[in-house]
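> What follows is a predicted protein model with its sequence.
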Amino acid sequence: MRTTTRRFSLLVAPLLAAAACAPVYEVAEPAAGSAGPAHSHEKAWDADRAPSDDWEPRDARLDPAPDGDLHEITVRASEVEMEVAPGVVQTVWTYDDLFPGPVYRGKVGDTFRFTLINDGSLGHSIDFHASKVAPNDEMRTIERGEELIYEFVAKKAGVFMYHCGTDPVLQHTGMGQHGTIIIDPPDLADVDHEFWLVQHETYMGNLGEAYDKMEAAAWDAVVFNGYPYQYVHAPLDGIEVGERVRMWVMNNGPSEQSSFHVIGTIFDTVFKEGSYRLHPDRDGPGGAQVIDLPASTGGFVEMTFDTDGVYKFVDHKFANLPKGAVGLMIVGDPDGAEHADGKGH
Ligand SMILES: [Cu+2]
């Protein structure tokens, strides 16, 4: 297993190291002698390193649901090599060679007709939490070269996980075979920006090492959309003050919780597990600071920003910050922000 022992400075190092694809924004470093977190720490990857030149960030912008009420989709299960962190290339188990898998989207009443093809060397399957089907049929494991049809009508709105259910499910999911399928609630309002974020853990090392870590819930990284600090390296941008942003957040675990928070704003809308927990039409000025998502829970939050700036989104379980669960949103022209003070920017 690749390990490095190094001094790790919480949050600051990855922000300063993020030179690969985007402007770098400095965040105030704790004063010397403060309760700084820097200490020796064994990690399987190096947060100070930039991604490789070949690395490309995953596009977090979410398209509207495709037209029509029948979605015919082919999805291929496989095992592929991938850069999962700076300096770490390893085998992951995938759908359509993506880690995590594709995002699917439709509306209540739509029919999804998936053809699952096994292009891998192991048996695989798929389990859509958005479906009501017989698990022993649609969710059955198929071997290399086989395929199956998995068809269902989306009867319930929500942000759902899908994953490989082949035994041991912890391993197939922990190796990366998971994704999200969004079934829009009726009358979903238009917003200026929609993003999708799947939070999940990454387990590094060879197959045996990674599985031992899964059993011990000892993840190497907690990431959004497959890569630690992905949106520090490639911030979400194009957002202006006052524009409404909807973030769809799905915690695929397989084992960790999420306490999703955006520093510098307040959610005025929270939808989780099929219903609005907070809505301005009903709750007036009520605000939410997190959407709490245990493993395999999904929802969306909506927010606006009052000033230009660099806004961090995080898993507010802070032990996961040095493991990669941080991203950035750029609002307006951060360099022109008059009141930037380093806190919360
Ligand atoms: Cu599998």
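Yes, it's here. All of these numbers come straight from a predicted model, not from anything done at the bench.

> show me where the stretch 1-150 of the chain has strands.
The residue ranges that make up the strands of the stretch 1-150 of the chain, judged by DSSP state E, counting those that start in this stretch, are 4-8, 39-43, 70-85, 88-95, 103-107, 111-118, 127-128, 147-153.

> Touching the fourth one from outside, list them.
Just to be clear, that refers to strand 88-95. Counting by CB atoms under 8 Å, 6 or more residues apart in numbering, the neighbours of strand 88-95 from elsewhere in the structure are 2, 44-45, 75-84, 99, 101-102, 120, 122, 124, 126, 164, 172, 175-177, 179, 204-207, 210. Every residue, glycine included, has its C-beta placed from N, CA and C.

> So how do I select the buried members of those in ChimeraX?
Taking 16 or more other CB atoms under 10 Å as the burial criterion, the selection of buried members of those in ChimeraX is written as:
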select :44,45,75,76,77,78,79,82,83,84,99,101,120,122,124,126,164,172,175,176,177,179,204,205,210
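
> who touches the spatially most central residue of the chain in this structure?
Here the mean C-alpha position of the chain is nearest to the C-alpha of Val198 (CA atoms, centre = their mean), at a distance of 2.2 Å. Taking CB under 8 Å, 6+ apart as the definition of contact, the neighbours of Val198 are Pro100, His178, Gly179, Thr180, Phe224, Asn225, Gly226, Val249, Met250, Asn251, Asn252.

> I'd like to know which of the strands of the stretch 1-150 of the chain is closest to Lys312.
The closest approach between Lys312 and any of the strands of the stretch 1-150 of the chain, judged by CB to CB, belongs to strand 4-8 at 17.7 Å.

> tell me the mean pLDDT over that closest one?
Per-region confidence: strand 4-8 scores 32 on mean pLDDT.

> what's the answer for stretch 107-127, then?
Averaging pLDDT residue by residue across stretch 107-127 gives 98.

> now it, how far from the centre of its chain.
The gap between where stretch 107-127 is centred and where its chain is centred comes out at 20 Å by CA atoms, centre = their mean, to the nearest Å.

> One more: stretch 58-77?
Stretch 58-77 has its average C-alpha position 17 Å from the chain's average C-alpha position, going by CA atoms, centre = their mean.

> Same check on stretch 235-253?
Using CA atoms, centre = their mean, the mean C-alpha position of stretch 235-253 is found 12 Å from that of the whole chain.

> That one: end-to-end distance?
Length of stretch 235-253, first residue to last, CA to CA, to the nearest Å: 23 Å.

> what does the chain put close to the ion?
His124, Cys164, Thr166, His172, Gln177 (CB under 5 Å from the ion).

> Redo those residues as JSON lines? Include secondary structure.
Listed next are these as JSON lines, based on DSSP: H, G, I helix; E, B strand; the rest coil:
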{"residue": "His124", "secondary structure": "strand"}
{"residue": "Cys164", "secondary structure": "coil"}
{"residue": "Thr166", "secondary structure": "coil"}
{"residue": "His172", "secondary structure": "helix"}
{"residue": "Gln177", "secondary structure": "coil"}
